[in-house]
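# What shape does this take:
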Amino acid sequence: MAMSPRAKWGAWIAIGAAVIGLAIGLWVLSRAVNRIPVLPELAGAGSTRLVEVDDRPMLSYENAVGEQVRVEPNDYFRLVWEERKTMGFGQKFMMKLFNVSSWGSMLFVVIGLLGQALFAGRLIVQWLATERSRKSVVPTAFWWMAIGGASMLVVYFVWRKDIVGVLGQSTGWVIYMRNLYFIYFQHGLDQDKAEPGKDGEDGEPAGAA
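Just a heads-up that it's a prediction; the model follows:
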């Protein structure tokens, strides 16, 4: 059965949205090429990058007031060490547990955890709906939770610079959006076609022979 023009547009919109999201993720990852993933960051500072100044390696970061600061690697680690000595046990434990080097990074960890909760929770919602109906069903909430959770996880994986996670979550957008299209648009079109005419049965005016 051939797809209607509206269905084709819906498919292209879903594919386009996934491609755009993937392109944004790849662009952000490409911008982070010179960033050092395992380098600890100073509290209140932006991401630290490795730069070259007069043929010497330097570390560049944005301080709390938005100024770019360049320091020697040894000086940078001395600043990090002095800052870490002022931290309490709880703060050090949380940073090790979530593999972060500053409290500002915890925002992305929270986004990732909420996204994972949504993405995993969709299976619980589907299971409960199946048990209630006594047959295998996929509720609409399943797809909304899938696209919401996947989007939040893409944000988290882009921050982590994890290309595997970005590819794994963004490619599912096509499937999620396509199913929502069929639920909200194609289903409505099918209902319109199935409804009889308002003036009489089978679309014939009332009183027609």
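
# Do a quick rundown of the strands in this protein.
Under the criterion DSSP state E, strands of the chain are mapped to 49-53, 56-62, 68-71.

# These: which one's closest to residue 141?
strand 56-62 (40.9 Å; CB to CB). Every residue, glycine included, has its C-beta placed from N, CA and C.

# Dump the C-alpha coordinates for the closest one into PDB.
Coordinates of the C-alpha atoms in strand 56-62 are reproduced here as PDB (Å, rounded to 0.1, in the frame of the first residue of the first chain):
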ATOM      1  CA  ARG A  56      54.800  25.100  24.900                       C
ATOM      2  CA  PRO A  57      51.800  23.200  26.200                       C
ATOM      3  CA  MET A  58      49.500  25.300  28.300                       C
ATOM      4  CA  LEU A  59      46.100  24.700  30.000                       C
ATOM      5  CA  SER A  60      43.400  27.300  29.200                       C
ATOM      6  CA  TYR A  61      40.200  27.600  31.200                       C
ATOM      7  CA  GLU A  62      37.500  30.200  31.800                       C
END
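
# So which elements touch that strand?
strand 49-53, strand 68-71, helix 73-85 (3 or more CB pairs under 8 Å, 6 or more residues apart in numbering; DSSP states H and E).

# Same list, those, but as JSON lines with mean neighbour count and mean pLDDT please.
Below are those laid out as JSON lines (neighbours: other CB atoms under 10 Å; pLDDT from 0 to 100):
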{"stretch": "strand 49-53", "mean neighbour count": "13", "mean pLDDT": "77"}
{"stretch": "strand 68-71", "mean neighbour count": "14", "mean pLDDT": "82"}
{"stretch": "helix 73-85", "mean neighbour count": "13", "mean pLDDT": "79"}
